[in-house]
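Q: what's the 3D shape of this:
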Amino acid sequence: MTAHLHRRSQKQRHGHEQSSSQKPTISKSPTHSQAEAIQLHIQRLDRAKRNIGLFNKVTLCIVALCMGNNIYTKLSKHSDGGGASIWGEAFQSKNDAFWKKQSNRHWALFGNRRNLNLVPRESLQDFGSYPNILNITSAMRNEFHPVVKLPLRKKGKNSVKEEGTFMESESQQRSFWPWRKQNKKHLPSENDSSCIALERKMNETYDYIVKDYTENNSDNDNSLFLEGGKKVPQLLPTREEALEFAKLPKQSKKFDVGRYDEDRRGMYTSSLFLDENNRRTVHIGIDIGGPVGTTVYAFEDGMVHSVGYNPDVGDYGNVIVIEHHLRNNMKVYALYGHLSAKSIQGKYPGQKVKRGQSVGYLGSTAENGGWTGTHLHFQLAVHPPPTHDMPGVVTSADRDEALLEYVDPRYALGELY
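A: Below you'll find the model as predicted:
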């Protein structure tokens, strides 16, 4: 029995040695065909990776084009003249052109000079011809409060106004013009704006005149005007003369409007407007002239950005800059200049301002920088100014870039002319 088990164990060991010796030998390095297969597989992976990358790039380009077209379409629907609605909030980027006040009180515009083709080549263009950078629509303007309440033009006084015709929206008539008798027979449609309703300019309904301060106006006499039968310059050369003039009795109660983008050569005579031997003469705001003490209102909600007194001859005198928050989620900085000293009392940066709230009053010659024609200088800026100041006039060389930064105030005020 023991011998039998011993022989069996020997056979098993012998069989195991034979089976072990019959196992195939595995090569430690791939054969030539295996290397070719591996190389081919790597090439296929690289080609697939490149195709995926190309597909991703094409997909991103298509998505970007679709999104851009969608944004452009939406903005174009809300465009209100000027053909510049595509700018929108992108134009308010910190990297775009903006104005910076220099130590010598001169102004210099710096930044890129792109998109100047949006600016009209000729000055004094019609409403809607200038870039509508802020995308202010007719519906938005219908809700703005008038900055100055102009008197209605009396019937028969160079007027073509029909009985019951209104220039404002129904909400404006109700909220801002309570003395008006409403006649719903000729109310404008909801698509009409407060400035061009019934295809009429505002001076066909309100009693004011549009001034012409260009050198081509033969009646302008180098920007002199009549005050109480006496000829006086628009700007008095010294503060002492301004103080004396302010004491004279004023009889005029008329309202007038000074135009945007107007080259007023002969008016800006003080050294304040001399910029490196080039005089600044192109007006980039709108002037609303009226009696001393006329109330000035905020056209939209916002807060006080800055407030102060600019003392130089020809400057703004008492001035307030308000950061207005528009209904399209954009901001605009409005300068209210040539105000009375009372206007800036109690005002401070960050103070809340409501639409239709009184923000000041037209100042006298002693308060407004020496200007004999009492008026409000109203100006809109895309970027926040460094202080309570903006260049109200620029040189002809800076005009194009300035009109992109300081937009046509008629987009907020209405079609004054």
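Q: drop to CA atoms for contacts and neighbour counts, all remaining ones
A: OK.
Q: And the contacts of the strand or helix carrying Tyr309?
A: If you go by DSSP states H and E, Tyr309 is part of strand 302-310. Identification of contacts with strand 302-310 by C-alpha atoms under 8 Å, 6 or more residues apart in numbering yields 316-325, 333, 344, 347-355, 369, 387-389.
Q: Next up, identify which helix or strand Val232 is on.
A: strand 230-233.
Q: burial of the nearest residue to Tyr411 once chain neighbours are set aside, as a residue count?
A: Nearest residue to Tyr411 in three dimensions, chain neighbours excluded: Ile136, at 6.4 Å (C-alpha to C-alpha, 6 or more residues apart in numbering). Using other C-alpha atoms under 10 Å, Ile136 has 21 neighbouring residues.
Q: Which pLDDT value goes with Ile136?
A: Note on Ile136: pLDDT of 95.
Q: low pLDDT regions in the stretch 251-400 of the chain?
A: 251-252 (pLDDT under 70).
Q: Now with 80, please.
A: Within the stretch 251-400 of the chain, the segments meeting pLDDT under 80 span 251-253, 275-277.
Q: which residues in it form helices?
A: Taking DSSP state H, counting those that start in this stretch, the helices of the stretch 251-400 of the chain run over residues 399-405.
Q: so what strands line up beside the strand holding Tyr309?
A: When pairs are called by DSSP bridges, strand 302-310 turns out to pair with strand 317-325 (antiparallel), strand 352-353 (antiparallel).
Q: List the contacts of the longest one.
A: It refers to strand 317-325. Residues contacting strand 317-325 (C-alpha under 8 Å, 6+ apart): 300-311, 331-341, 343-344, 363, 367-369, 384, 388-389.
Q: On the three-state scheme, the residue nearest to Tyr411 is what?
A: Here Ile136 is recorded as coil under DSSP: H, G, I helix; E, B strand; the rest coil.
Q: Quick one, which of the contacts of strand 302-310 are buried?
A: 316-324, 333, 344, 347, 353, 355, 369, 388-389 (16 or more other C-alpha atoms under 10 Å).
Q: that older thread, from Pro391, how far off is the residue nearest to Tyr411?
A: Separation of Ile136 from Pro391 (C-alpha to C-alpha, to the nearest Å): 23 Å.
Q: And Arg141, by the same measure?
A: 25 Å.
Q: what's Ala334 in contact with, if anything?
A: Ala334 touches Val321, Ile322, Glu323, His324, Phe378, Gln379, Leu380, Ala381, counting by C-alpha under 8 Å, 6+ apart.
Q: Go through these and name the one nearest Glu240.
A: If you rank these by distance to Glu240 using C-alpha to C-alpha, Phe378 comes first, at 26.1 Å.
Q: Look up which residues are beta-bridged to that closest one.
A: With DSSP bridges as the rule, Phe378 is bridged to Ile286, Tyr336.
Q: quick one, what contacts it?
A: Phe378 neighbours (C-alpha under 8 Å, 6+ apart): Gly285, Ile286, Asp287, Ile288, Ala334, Leu335, Tyr336, Gly337, Pro409.
Q: again, 7 Å this time
A: Gly285, Ile286, Asp287, Ala334, Leu335, Tyr336, Gly337 (C-alpha atoms under 7 Å, 6 or more residues apart in numbering).
Q: what's the closest non-adjacent residue to the last one?
A: Once flanking residues are discounted, Gly337 sits nearest to Val319: 4.5 Å by C-alpha to C-alpha, 6+ apart.
Q: Quick check: end-to-end length of stretch 375-392?
A: 13 Å.
Q: from here on, count from 317
A: In the new numbering, first residue 317, that becomes stretch 691-708.
Q: what about the strands in the stretch 567-716 of the chain?
A: 572-574, 578-579, 590-591, 594-595, 598-599, 602-605, 611-613, 618-626, 633-641, 647-655, 668-669, 674-677, 691-697, 709-710 (DSSP state E, counting those that start in this stretch).
Q: contact partners of the second one?
A: Strand 578-579 has contacts (C-alpha under 7 Å, 6+ apart) with Ser439, Leu440, Thr530, Thr597, Val598, His599.
Q: Kindly report the same for the last one.
A: When contacts are taken as C-alpha under 7 Å, 6+ apart, the neighbours of strand 709-710 outside the stretch itself are Arg596, Thr597, Val598, His599, Ile600.
Q: what's the burial count for Leu692?
A: 29.
Q: Next, work out how far apart it and Leu376 are.
A: For Leu692 relative to Leu376 (C-alpha to C-alpha), the value is 51 Å.
Q: buried subset of the contacts of strand 578-579?
A: For those, buried by 16+ other C-alpha under 10 Å: Thr530, Thr597, Val598, His599.
Q: What's the mean pLDDT across the lengthiest helix in the chain?
A: Ranked by residue count under DSSP state H, the longest helix found in the chain is helix 348-393. Average pLDDT, helix 348-393: 76.
Q: Now do the strand holding Tyr625 against strand 647-655, angle only.
A: 40 degrees (axes from the mean of the first three to the mean of the last three C-alpha atoms, to 10 degrees).
Q: Return the closest of the buried ones among the contacts of strand 578-579 with respect to Glu556.
A: Closest to Glu556, out of all of the buried ones among the contacts of strand 578-579 and judged by C-alpha to C-alpha, is Thr597, at 24.6 Å.
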